[in-house]
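1. here's a sequence, model it:
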Amino acid sequence: PHSSTPPPLLHQAEWLGELIDECFSTHSRHLWLLRMLSLLLLLLLQLPLLPLVSLYPPLERSLRALHWRHVCLDWVFARALCLSTERPYLLDVPIVKFGVSMALDFVLTLMLTFASLDSTAEVLLLLAWVASAFFFELEQAAGSGRGIWFELRLFFRQGARSSFSADAFNLLDMWALALSNVALVAFLIERPHEQPPDGRREAANSLLSIAIFFLWLRALRILAQFPSLGPLVLMVAKMLKDVMKWLTLMVTVLNAFTSGLHRLYRGRGQPLEELDHDCIDFDNDFETWGRTLLLLLEGTLTSENWLECARNSSHAVLGSVLMYGCQAIVAVLLFNMLIAMMAKTFDHVWEEQELNFQFLLAQTVLSWRGQPTSPPPFNWLRMPHFLAHCLAATGSCIGSACRHTCRRGGGAGAGGGAAEGAGSAGSAGS
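-> This next block holds a predicted model:
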């Protein structure tokens, strides 16, 4: 989003749809309120059509071609509201598809958060819903260009530069829904009345807790659609990239100090009696490399000052020098570097917040204008029509192949008969 500003009116009109965009374009407050209430009523009247459209997708083409004059709401919606738009169908508008999908995702996340998961029927219901959502994400990846395997290969080779994986929310959805599927399958196969418990429920609950954390983070997708909050969401995403770069540098530096302190105090397991209550024992606590790294990491994040502890250790001078160096480089230099990186990212995004919001809006419009009308779990209802279409296509291919084979066989038989007739005529002439 750094080359030129996209046309905001074009993106907004495509995002809102022709009817909703016209309702927003009035300057009269009373007419605007009346139009919003009428749109809400019209949407509530069309929401029951979602299962029918999912079950029989060709029905949506007829609904898209529907005009005001074909329904009894002509005077109420068209003339009374001063609308020139002729098509009242709203379920295929990108903002409506986005809103319905986000509402259903919110309901699913609430159910996963507060469900007891003790009954098999409850787990099966949630598993069917989560599996439909995961299948929906796979459909997006497969329909974004060259298929799901191309998306995965491009992600691991080039770092998420394709049309599907360029949106970080899509990757967040894939990870969250994959973990939810695994956790619910583990809940399904475990035996809740088995004594003692075999630990599978605890593992499944841990996986589900991580999945729920990622599922709730998807609410940032809604905040990204507001002009005042969208650039802040983008800012958080860019700052997370800065943090990952900074962590790489900090882990490298901490590894150096960890290895040095572990080598220095290795084999010095003699407890000291004059240690302070808040002090750590360098000679015992730095025996293992992993515990040394953990203690240094905790000390740098919590600003613990263990210099007095180092002076009471068996290597007072060298241990103090290493701890002074660790505090100076990690706690002072690296943390100030992280603050400077975040401040630079904040300034860069804030100066171009309008441009960044238009980029987020264009990305959302391009993502949702091609999405099917049936969100999870209604996309399971499309399976019978899809299977019937596949069977019809398979039967048509088999029939055409049989006809082609018969024509080739008939042509070969006619050619053989003509050759035999020619041979008989030649022998008679001779």
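
2. what's around residue 186, how many residues?
-> 19 (other CB atoms under 10 Å). All C-beta spots, glycine's among them, are computed from the backbone N, C-alpha and C.

3. which parts of the stretch 101-250 of the chain are helices?
-> 120-143, 148-158, 168-189, 200-217, 220-223, 230-265 (DSSP state H, counting those that start in this stretch).

4. what's the least confident stretch among those?
-> Lowest mean pLDDT within the helices of the stretch 101-250 of the chain: helix 148-158, a mean of 51.

5. how about residue 352, phi and psi?
-> Per-residue torsions, residue 352: phi -120, psi 40 (degrees, to the nearest 10).

6. dump stretch 56-68 to CSV, restricted to CA.
-> Extracted in CSV, the C-alpha atoms of stretch 56-68 (Å, rounded to 0.1, in the frame of the first residue of the first chain):
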residue,chain,number,x,y,z
TYR,A,56,-29.8,-25.3,-4.0
PRO,A,57,-27.1,-22.8,-5.2
PRO,A,58,-28.8,-22.1,-8.6
LEU,A,59,-31.7,-20.4,-6.6
GLU,A,60,-29.3,-17.5,-5.9
ARG,A,61,-29.2,-16.6,-9.6
SER,A,62,-33.0,-16.1,-9.6
LEU,A,63,-32.8,-14.1,-6.4
ARG,A,64,-30.1,-11.8,-7.9
ALA,A,65,-32.3,-11.1,-10.9
LEU,A,66,-35.3,-10.2,-8.7
HIS,A,67,-36.6,-6.6,-9.1
TRP,A,68,-38.6,-4.4,-6.8
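
7. quick one: contacts for the residue nearest to residue 365 when sequence neighbours are not counted?
-> Using CB to CB, 6 or more residues apart in numbering and skipping residues adjacent in sequence, the residue nearest residue 365 is residue 15, 4.8 Å away. Counting by CB atoms under 8 Å, 6 or more residues apart in numbering, residue 15 touches 94-95, 361, 364-365.

8. in JSON lines: those, plus pLDDT and secondary structure.
-> JSON lines is the format used below for the contacts of residue 15 (pLDDT from 0 to 100; DSSP: H, G, I helix; E, B strand; the rest coil):
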{"residue": "94", "pLDDT": "86", "secondary structure": "helix"}
{"residue": "95", "pLDDT": "87", "secondary structure": "helix"}
{"residue": "361", "pLDDT": "80", "secondary structure": "helix"}
{"residue": "364", "pLDDT": "81", "secondary structure": "helix"}
{"residue": "365", "pLDDT": "82", "secondary structure": "helix"}
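
9. can you get me a residue count around residue 57?
-> Neighbours of residue 57 (other CB under 10 Å): 17.

10. wait, it touches residue 383, no?
-> No. Counting by CB atoms under 8 Å, residue 383 is not a contact partner of residue 57; they are 11.2 Å apart.

11. related to what we said a few turns ago, so which of the helices of the stretch 101-250 of the chain is the most packed in?
-> Mean neighbours per residue, mean count of other CB atoms under 10 Å, is largest over those for helix 168-189, with a mean of 19.

12. host element of residue 90?
-> Counting by DSSP states H and E, no helix or strand carries residue 90.

13. return the distance of it relative to residue 225.
-> 17 Å (CB to CB, to the nearest Å).

14. let me know how buried residue 90 is, in neighbour terms.
-> Neighbours of residue 90 using other CB under 10 Å come to 20.

15. should've said residue 40
-> Neighbours of residue 40 under the rule other CB under 10 Å: 10.

16. same question, residue 44
-> Residue 44 is flanked by 9 other residues according to other CB under 10 Å.

17. so it, which state does it fall into?
-> Here residue 44 is helix, with the state taken from DSSP: H, G, I helix; E, B strand; the rest coil.

18. what's the per-residue pLDDT of it here?
-> 89.

19. what residues does it make contact with?
-> Per CB under 8 Å, 6+ apart, neighbours of residue 44: none.

20. can you check residue 280 too?
-> Residues in contact with residue 280, defined by CB under 8 Å, 6+ apart, are 295, 306, 309.

21. what's downstream of the host helix or strand of the first one, the next helix or strand?
-> For residue 295, the enclosing helix or strand under DSSP H and E is helix 289-302. Tracing the chain past helix 289-302, the next element assigned as helix or strand by DSSP H and E is helix 307-311.

22. helices or strands up against that following helix?
-> Applying 3 or more CB pairs under 8 Å, 6 or more residues apart in numbering; DSSP states H and E, one finds that helix 307-311 contacts helix 316-326.

23. any idea how far the helix or strand following the helix it packs on is from the chain center?
-> Downstream of helix 316-326, the first helix or strand assigned by DSSP H and E is helix 335-351. Between the centre of helix 335-351 and the centre of its chain there are 26 Å (CA atoms, centre = their mean, to the nearest Å).

24. got the angle for helix 335-351 vs helix 289-302?
-> Counting by axes from the mean of the first three to the mean of the last three CA atoms, to 10 degrees, helix 335-351 lies at 60 degrees to helix 289-302.

25. now helix 335-351: buried residues?
-> Judged by neighbour count (16 or more other CB atoms under 10 Å), helix 335-351 contains these buried residues: 335, 338, 341-342, 345, 349.

26. show residues contacting that helix.
-> Against helix 335-351 from outside (CB under 8 Å, 6+ apart): 231, 234-235, 238-239, 242-243, 245-246, 249, 356.

27. okay, now the unreliable bits of this structure?
-> Along the chain, the model assigns pLDDT under 70 to residues 1-11, 27, 67-86, 142-166, 191-199, 268-278, 404-430.

28. off-centre distance for the helix or strand harbouring residue 15?
-> Following DSSP H and E, one finds residue 15 within helix 8-24. Chain-centre distance of helix 8-24: 25 Å, with CA atoms, centre = their mean.

29. for that helix, buried residues please.
-> 11-17, 19-23.

30. what's the closest of the buried residues of helix 335-351 to residue 212?
-> residue 342 (27.8 Å; CB to CB).

31. okay, the contacts of helix 335-351 in TSV with distance to residue 403 next?
-> Below are those laid out as TSV (distance: CB to CB, whole Å):
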residue	distance to residue 403
231	61
234	58
235	63
238	60
239	64
242	64
243	64
245	63
246	67
249	69
356	58
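
32. closest to residue 204 out of those?
-> Using CB to CB, the contacts of helix 335-351 come closest to residue 204 at residue 243, 30.2 Å.

33. any idea how far that closest one is from residue 250?
-> Noted for residue 243: a distance of 10 Å to residue 250, by CB to CB.
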